[in-house]
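> make a model of this:
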Amino acid sequence: MTYLVTGAAGFIGYHLSERLLARGETVLGIDNVNDYYSTKLKRDRLEDLQRRHNNFTLIEVDFADQAALVDALAQYSPKRVAHLGAQAGVRYSITNPHAYIQSNLVGHINLLEYCRHSDSVEHLVYASSSSVYGSNKTLPFSVEDRVDKPISLYAATKKADELMSETYAHLYRLPQTGLRFFTVYGPWGRPDMAMWLFTQAIMEGRPIEVFGEGNMQRDFTYIDDIVSGVVACLDNAPADDGAVKAGGSVSPHRLYNIGNHRSEELSHMIGLIEKSLGKEAVKIMLPMQPGDVRATYADIDAISSDLGYKPTTTIDEGIPRFVDWYMRYHGHR
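All right, here's what the predicted structure looks like:
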């Protein structure tokens, strides 16, 4: 079967493509390889996929350019689409808002339009974010909670994506699944994320900036667990049966939290990095940053009961794996 994966050079997109290719699927990967973070890391991910799999095709195009997207996909007939490409990052959205409008809003509507007019697409799975919960104080976060008070533009664009998808599911009966990802980490991760930044700084003997005075909590989710959830969703499209789905839709559109169902202290995460590196961090304690939330914690009952999703990797296991990969990738081991 042919799958279309946007953001294939990205962290989750790379790992999802690898999982699908390993089970014999054909993957069309879309990415414009922008410079939000290291293009070398993105190219290395793509090179790894291309070196090991003959059934991977890279389409280097910006999906925010509708004409270019339609033209690039004209010769293909993917049956399932994983739209993971987006402009990520809460803090970056404060200083570069237009990048989020183009990638996350224009890009999302372009994928919806492509899928709507396609004769082949059976199911669209797309990336939302736990950031849509804003300053919600009720833990764990449930897909039934109200999410109409975002505290960052990034979160607002992801909520807007969910609303656009609901509209297309209602009007055109396009089966869709939106995934609210909680903090994802692991090998080949993103260099703008705290785990990478802390590891790099500690390795280089530089102080680390610890926001929220070290008292922030995150639902850290290992990449292999995330990918298992995404694949389960791709393989099981929501039925157009009028029943209420997770998230409240009666159209063929559901929303799932995809996390680890554990909320861990930032200080514990730092301690595990220190232990893995055998070096202690010099910490600069700072207040919360605009757009950040104090704690995240995923209620995963919906995806667990519907699809059997069950994450198995604790940060005590996952962080040493990330640090080991980081050291090897940078030639330290």
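> can you classify D71 by secondary structure?
helix (DSSP: H, G, I helix; E, B strand; the rest coil).
> could you count how many residues lie near it?
11 (other Cβ atoms under 10 Å). Where C-beta positions appear, they are placed from N, C-alpha and C, glycine not excepted.
> can you tell me how far it sits from Y297?
Applying Cβ to Cβ, to the nearest Å, the value for D71 to Y297 is 43 Å.
> next: A9.
30 Å.
> residues contacting the top helix by length along the chain, please?
Scanning the chain for the helix with the most residues, using DSSP state H, yields helix 153-172. Applying Cβ atoms under 8 Å, 6 or more residues apart in numbering, the external contacts of helix 153-172 come out as 86-90, 92-94, 97, 100-101, 104-105, 108-109, 112, 115-116, 124, 126-129, 131-132, 134, 147-148, 150, 174-176, 178, 247, 249, 251-253, 255, 291.
> of those, which belong to strands?
In strands, defined here by DSSP state E, the members of the contacts of helix 153-172 are 124, 126-129, 176, 178, 253, 255.
> as a markdown table, those with distance to R190 and neighbour count would be great.
Putting the ones in strands among the contacts of helix 153-172 into a markdown table (distance: Cβ to Cβ, whole Å; neighbours: other Cβ atoms under 10 Å) gives the following:
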| residue | distance to R190 | neighbour count |
| --- | --- | --- |
| L124 | 24 | 27 |
| Y126 | 19 | 25 |
| A127 | 13 | 25 |
| S128 | 17 | 26 |
| S129 | 13 | 24 |
| Q176 | 25 | 28 |
| G178 | 21 | 27 |
| H253 | 28 | 26 |
| L255 | 23 | 24 |
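> specify which member of those is nearest to L46.
A127 (18.7 Å; Cβ to Cβ).
> give me the neighbour count for A169.
Counted with other Cβ under 10 Å, A169 comes out at 24.
> give me the pLDDT for it.
A169 is assigned 98 on the pLDDT scale.
> one more: Q289?
Note on Q289: pLDDT of 76.
> measure the residue nearest to N32 when sequence neighbours are not counted to F56 for me?
Once flanking residues are discounted, N32 sits nearest to D62: 4.2 Å by Cβ to Cβ, 6 or more residues apart in numbering. D62 sits 20 Å away from F56, going by Cβ to Cβ.
> how about A8?
Counting by Cβ to Cβ, the gap from A8 to F56 is 8 Å.
> and what of A22?
With Cβ to Cβ as the criterion, A22 and F56 are 11 Å apart.
> what about those two, which has more around it?
F56 (22 against 10).
> before we move on, back to that, any idea which of the ones in strands among the contacts of helix 153-172 is closest to D48?
For these, the nearest to D48 is A127 (21.3 Å; Cβ to Cβ).
> now that closest one, nearest residue through space, not along the chain?
L84 (4.8 Å).
> check whether the one you found really touches G10, as I assumed.
Yes: assessed by Cβ atoms under 8 Å, L84 is found in contact with G10 at 6.3 Å.
> hey, where'd the helices end up in the stretch 1-150 of the chain?
Along the stretch 1-150 of the chain, counting by DSSP state H, counting those that start in this stretch, helices occupy 11-22, 39-52, 66-73, 92-95, 97-100, 107-117.
> got the CA coordinates for the third one in PDB?
Extracted C-alpha coordinates of helix 66-73, given in PDB (Å, rounded to 0.1, in the frame of the first residue of the first chain):
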ATOM      1  CA  GLN A  66      -1.000  24.400  -3.500                       C
ATOM      2  CA  ALA A  67      -0.200  24.400  -7.200                       C
ATOM      3  CA  ALA A  68       3.200  22.900  -6.500                       C
ATOM      4  CA  LEU A  69       1.800  20.200  -4.200                       C
ATOM      5  CA  VAL A  70      -0.900  19.200  -6.600                       C
ATOM      6  CA  ASP A  71       1.600  19.000  -9.500                       C
ATOM      7  CA  ALA A  72       4.100  17.000  -7.500                       C
ATOM      8  CA  LEU A  73       1.500  14.400  -6.500                       C
END
